[in-house]
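**Q** mind folding the following:
(4 chains)
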2 protein chains.
Amino acid sequence: MGPTLLPLYAQVKAQLIERIQSGEWKPGELIPNEFDLAKALGVSQGTVRKALGEMTAEKLLLRRQGRGTFVAEHTPESMLFRFFNFYDEDGVHVSPETIWVRSRSGAAKPKERLKLWLEGGERVVRISRLRGYGGRPFAYEEICVSEALFPGLADGEIPNTLYDHFQHNYGVTVTGGDEKLTAVAAQEQQAAHLDVEVGSPLLQLNRQTFSLDGRPIEWRVSLCALGDVHYLVRLG
Amino acid sequence: MGPTLLPLYAQVKAQLIERIQSGEWKPGELIPNEFDLAKALGVSQGTVRKALGEMTAEKLLLRRQGRGTFVAEHTPESMLFRFFNFYDEDGVHVSPETIWVRSRSGAAKPKERLKLWLEGGERVVRISRLRGYGGRPFAYEEICVSEALFPGLADGEIPNTLYDHFQHNYGVTVTGGDEKLTAVAAQEQQAAHLDVEVGSPLLQLNRQTFSLDGRPIEWRVSLCALGDVHYLVRLG
DNA sequence: CAGTGGTCTAGACCACCGT
DNA sequence: CGGTGGTCTAGACCACTGT
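**A** You can find the predicted model right below:
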């Protein structure tokens, strides 16, 4: 036997994640209880508990006392809450709607290959859309994903929230990402889309999201005309 | 005996936090090991462990295998890393310097009273400063704190990083906060401070920070001329 | 080497949930 | 009521640190 690289609970966690990633356990499904998992894996209940606890903290699982442990299921609401950090002046979360959306597939450009870790001549799906809030245009977005990961995405209807669609229709779970924020002046085309004057200050978000296995899923640029809305960050 | 409202580990945690807040355990200090704490508090080692684990996750403690458990000590570097989320185009963290700073004390205005939970005629300390990075002005800030919490702050020298100063000289530990981001156009005075043209897009941060006991400490507005720098948010 | 935190076990009891 | 996760205990052993 070679040396044990990871603690036992981490090995257990990796095995459980693998069962989610492979589709053996599907979103929303009830998984076995601590005792049964421990018996099946040949470890103690406390070790399984530590693995389940970490996965719950990472929002891969949902545990409810008296009910059981469930694979986390993405919904439009839960994804907006996690990944759309805009709130109005009263602190109420902003829920955007789609005003229009267009999707096309094409050959990956160098920057897209870099952001999505693509090799050679792979193709990508590009989504452009305008989202609104309170009856006004709010954000113009350009989104890029690998076509190999999401076959047919460009041909079907594009829903208002993508991540729950990715999970349910392609088995791809978004677990996190980086978002880089800058302030920019609206250029002519952007100003027209967002119904603001050229040169108006916009909040630009450059987002890269990652999958369960740590690989990049999506590259997105959003330009936001904020109005009375702000982007909220919890510090600490 | 009345009903037990909190789980035992949460009661232990509250007691340990109280020892930090009262100054019995000072920043950087080694605290007793799990076994001694458990014996002194009349609970098991595992219960103490759970309390210490949560406090470590909240960055109140620092645990090092083979060394012991220490009260987290704020340093300029650690505070910039936690609360100053700017990075350059290569992903390197930005460390700002102070170009100039001015502090005055005065009567609290209505908005300041609201943000800092002040009652009647309490006074506040207001700090205005310009911070730079890479030889250029980067952020113009206006900061407001209660003078009762920080007596003499307006008279002394204001360091580049405030939170470690608050911890070491006033026994006040900043544990977290909210930051609201918007994009705004530079007004005349701001443009002069930041050496940009009037109307340039700026990133505005409205920050409210909180203490160990959950009370507000600081109200701050920052106006940032970003250049090639961005504000980074980790999603997930 | 002694002392610390980190892991792992085995079991007990409590609080909550649905039937 | 039975089944679940949540808490709590008591103990063992491992991995790391400084002397």
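
**Q** what's near enough to touch the residue nearest to the spatial centre of chain A?
**A** Among the residues of chain A, the one closest to the centroid is residue A:174, at 3.8 Å (C-alpha atoms, centre = their mean). Residue A:174 makes contact with A:74, A:79, A:83, A:163, A:166-167, A:209-211, A:217-218, according to C-beta atoms under 8 Å, 6 or more residues apart in numbering or on different chains. In this view, the C-beta of every residue, glycine as well, is placed from N, C-alpha and C.

**Q** tell me if the helix or strand hosting residue A:140 is near chain B.
**A** Counting by DSSP states H and E, the element that carries residue A:140 is strand A:136-146. No: shown here: strand A:136-146 not in contact with chain B (C-beta under 8 Å from any C-beta of the partner chain), separated by at least 12.1 Å.

**Q** which bits of chain A sit near DNA strand C?
**A** Residues of chain A lying near DNA strand C by C-beta under 7 Å from any atom of the strand: A:7-10, A:43-47, A:50, A:64-67.

**Q** and DNA strand D, which of the residues you listed contact it?
**A** Judged by C-beta under 7 Å from any atom of the strand, the overlap between those and the neighbourhood of DNA strand D comprises A:46, A:64-67.

**Q** which parts of chain A are strands?
**A** Counting by DSSP state E, chain A forms strands over residues A:30-31, A:61-64, A:68-71, A:86-87, A:97-107, A:123-133, A:136-146, A:174-185, A:201-211, A:216-224, A:230-235, given from the N-terminal end onward.

**Q** want to throw those into TSV with mean pLDDT?
**A** Formatted as TSV, those follow (pLDDT from 0 to 100):
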stretch	mean pLDDT
strand A:30-31	97
strand A:61-64	97
strand A:68-71	98
strand A:86-87	98
strand A:97-107	97
strand A:123-133	97
strand A:136-146	98
strand A:174-185	98
strand A:201-211	98
strand A:216-224	98
strand A:230-235	98
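
**Q** for residue A:74, give me its contacts.
**A** Residue A:74 sits in contact with A:27, A:163-164, A:166-168, A:173-174, where contact means C-beta under 8 Å, 6+ apart.

**Q** now, which of those sits nearest DNA strand D?
**A** Using C-beta to the nearest atom of the strand, residue A:27 is the member of the contacts of residue A:74 that sits closest to DNA strand D, with 16.5 Å.

**Q** would you confirm that the closest one contacts residue A:166?
**A** No: the pair formed by residue A:27 and residue A:166 falls short of the contact definition of C-beta atoms under 8 Å, at 11.0 Å.

**Q** residue contacts, residue A:35?
**A** Residue A:35 makes contact with residue A:45, according to C-beta under 8 Å, 6+ apart.

**Q** and chain A, which residues reach DNA strand D?
**A** Where proximity means C-beta under 7 Å from any atom of the strand, the interface of chain A facing DNA strand D comprises A:33-36, A:46, A:49, A:53, A:63-69.

**Q** in helices, which of the residues you listed appear?
**A** Counting by DSSP state H, the members of the residues of chain A next to DNA strand D that fall within helices are A:34-36, A:46, A:49, A:53.

**Q** rewinding a little: now, of the residues of chain A next to DNA strand D, which are buried?
**A** With burial judged by 16 or more other C-beta atoms under 10 Å in any protein chain shown, the buried subset of those is A:34, A:69.

**Q** rewinding a little: mind listing what's buried in the strand holding residue A:140?
**A** In strand A:136-146, the ones that count as buried by 16+ other C-beta under 10 Å are A:137-141, A:143-146.

**Q** cool, and stretch A:185-199?
**A** Buried residues in stretch A:185-199, counted by 16+ other C-beta under 10 Å: A:185-186, A:190-191, A:193-194, A:196.

**Q** not counting sequence-adjacent ones, nearest residue to residue A:134?
**A** With C-beta to C-beta, 6 or more residues apart in numbering or on different chains as the measure, residue A:227 is the residue that lies nearest to residue A:134, at 7.8 Å, once sequence neighbours are left out.

**Q** sorry, back to before: in the ones in helices among the residues of chain A next to DNA strand D, find the pair that's most separated.
**A** In terms of C-beta to C-beta, those reach their longest pairwise distance at A:36 and A:53, which sit 17.1 Å apart.

**Q** does residue A:218 really touch residue A:207, like I thought?
**A** Yes: contact between residue A:218 and residue A:207 holds when scored by C-beta under 8 Å: they sit 7.3 Å apart.

**Q** overlap of the contact sets of those two?
**A** Counting by C-beta under 8 Å, 6+ apart, the contacts common to residue A:218 and residue A:207 are residue A:177.

**Q** more crowded one of these two?
**A** In this comparison of residue A:218 against residue A:207, neighbours counted by other C-beta atoms under 10 Å in any protein chain shown, the higher total goes to residue A:218 at 24 against 19.

**Q** so what's that one up against?
**A** Under the criterion of C-beta under 8 Å, 6+ apart, the contact partners of residue A:218 comprise A:116, A:143-145, A:162, A:174, A:177, A:207-209.

**Q** let's have the residues you listed in TSV, adding distance to residue B:92.
**A** Formatted as TSV, the contacts of residue A:218 follow (distance: C-beta to C-beta, whole Å):
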residue	distance to residue B:92
A:116	23
A:143	27
A:144	26
A:145	28
A:162	31
A:174	27
A:177	20
A:207	20
A:208	17
A:209	22
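
**Q** closest to chain B among those?
**A** residue A:177 (4.4 Å; C-beta to the nearest C-beta).

**Q** just list whatever residues bridge to the closest one.
**A** Using DSSP bridges, the bridge partners assigned to residue A:177 are residue A:209, residue B:235.

**Q** would you check that it makes contact with residue B:232?
**A** No: the pair residue A:177 / residue B:232 is not scored as a contact, 11.1 Å apart, by C-beta under 8 Å.

**Q** ok, those two, which is more surrounded?
**A** Between residue A:177 and residue B:232, counting by other C-beta under 10 Å, residue A:177 is the more crowded of the two (20 against 17).

**Q** tell me the domain ranges of chain A?
**A** For chain A, automatic domain parsing gives the domain ranges A:8-71, A:76-231.

**Q** and the shortest one, how far apart are its ends?
**A** Across its full length, domain A:8-71 reaches 21 Å between end residues, using C-alpha to C-alpha, to the nearest Å.

**Q** can you give me how far that domain is from the chain middle?
**A** 21 Å (C-alpha atoms, centre = their mean, to the nearest Å).

**Q** can you read off the pLDDT for residue A:1?
**A** On the pLDDT scale, residue A:1 is placed at 38.

**Q** likewise residue A:173?
**A** Reading off the per-residue confidence, residue A:173 sits at a pLDDT of 96.

**Q** which bits of chain A sit near chain B?
**A** Applying the criterion C-beta under 8 Å from any C-beta, the portion of chain A that neighbours chain B consists of A:58-59, A:82-83, A:85, A:87, A:175-185, A:199-203, A:206-207, A:209, A:224, A:226, A:230-236.

**Q** about what we covered before: just the buried residues of the contacts of residue A:74.
**A** When neighbours are counted using 16+ other C-beta under 10 Å, these contain these buried positions: A:27, A:163-164, A:166-167, A:173-174.

**Q** from these, which is closest to chain B?
**A** Minimum separation from chain B among the buried ones among the contacts of residue A:74 (C-beta to the nearest C-beta) is found for residue A:174, which lies at 8.3 Å.
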